[in-house]
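J.: Next comes the sequence, and after it the predicted model I'd like to discuss.
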Amino acid sequence: MATDFSLLHRTCKLVVLLCFLHISVTVFFYFRTLDIRFSFVQNQQSHSNLTRLRQGLVPASSSGTEPKETATRRRQDVERQPTEPGQNTTKEPVKPLEKCPETSPLLVGPLRVEFNIPVSLEQVKRDNPNILPGGRFRPKDCVALQKVAVIIPFRKRDEHLKFWLYYLHPILQRQQLDYGVYVINQVGPTEPH
């Protein structure tokens, strides 16, 4: 019985080549996701430092995360404020804000969402000091291009709501949207209206 070893040999070479290709692609995507995770961690740390800076927990000089425009604006505000109680308090006219850019410069990439650490509504308030009463947000340094209403049908899922607010508020703020979050409590047939 004659066996065609040349066909078997070519088939083995093809299988080895495909395995090598598969391993190469896997290694490439592995290192790529490590890079994304590293940048995510840096962005999360800078976001938490900026939040602590706004709350007054970290002095402005020790935080390297404050953007130059914010530092300049803060200096100008301090220079405009009167230094003595009897000084004249004339204010300069406020310039109208420009429109926000089409693609927000505040976007950070993938977000790691974890549910193993409990979240409270007080923490959500603390981490998002620019949220106005009623769950409204508007960017302070530009005029939003979009207005968004987020309606959450809610019924007996307090923990889910806390996590949703904890993760989604920063995402919407980084997109520089003018948005409002409306939690609508659903009433079932057995519950009073």
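T.: Perfect, I can see it now.

J.: check contacts around His160.
T.: With contacts defined as C-beta atoms under 8 Å, 6 or more residues apart in numbering, His160 has no neighbours. (Each C-beta comes from the backbone N, C-alpha and C, glycine too.)

J.: For Leu132, see how far away it is.
T.: 23 Å (C-beta to C-beta, to the nearest Å).

J.: likewise Leu168?
T.: For Leu168 relative to Leu132 (C-beta to C-beta), the value is 16 Å.

J.: sec struct for Val181, please.
T.: strand (DSSP: H, G, I helix; E, B strand; the rest coil).

J.: Quick check: pLDDT value at the closest residue to it other than its chain neighbours.
T.: Residue nearest to Val181 in three dimensions, not counting chain neighbours: Gly135, with 3.7 Å by C-beta to C-beta, 6 or more residues apart in numbering. Note on Gly135: pLDDT of 88.

J.: Ok, Lys13 next?
T.: 93.

J.: Surely it forms part of a helix?
T.: Yes: counting by three-state DSSP, Lys13 is located in a helix.

J.: Now do His9 against Cys19, distance only.
T.: In terms of C-beta to C-beta, His9 sits 16 Å off from Cys19.

J.: Name the helix or strand of this structure that has the lowest mean pLDDT.
T.: Least confident helix or strand, the chain: helix 68-80 with a mean of 47, by mean pLDDT, DSSP states H and E.

J.: any idea of the mean pLDDT in whichever helix or strand comes after that helix?
T.: Counting by DSSP states H and E, the next helix or strand C-terminal to helix 68-80 is helix 121-127. For helix 121-127, mean pLDDT is 90.

J.: From the contact counts, what lies against helix 121-127?
T.: On a contact count with 3 or more C-beta pairs under 8 Å, 6 or more residues apart in numbering; DSSP states H and E, helix 121-127 meets helix 158-174.

J.: Check which residues of the helix it packs on are buried.
T.: 161-170, 172-174 (16 or more other C-beta atoms under 10 Å).

J.: same check, this time on stretch 136-156
T.: 137-139, 144, 152.

J.: swap in stretch 111-119?
T.: Val119.

J.: how far does that stretch stretch from start to finish?
T.: 17 Å (C-alpha to C-alpha, to the nearest Å).

J.: How about stretch 142-161?
T.: Criterion C-alpha to C-alpha; first-to-last residue distance in stretch 142-161 is 29 Å.
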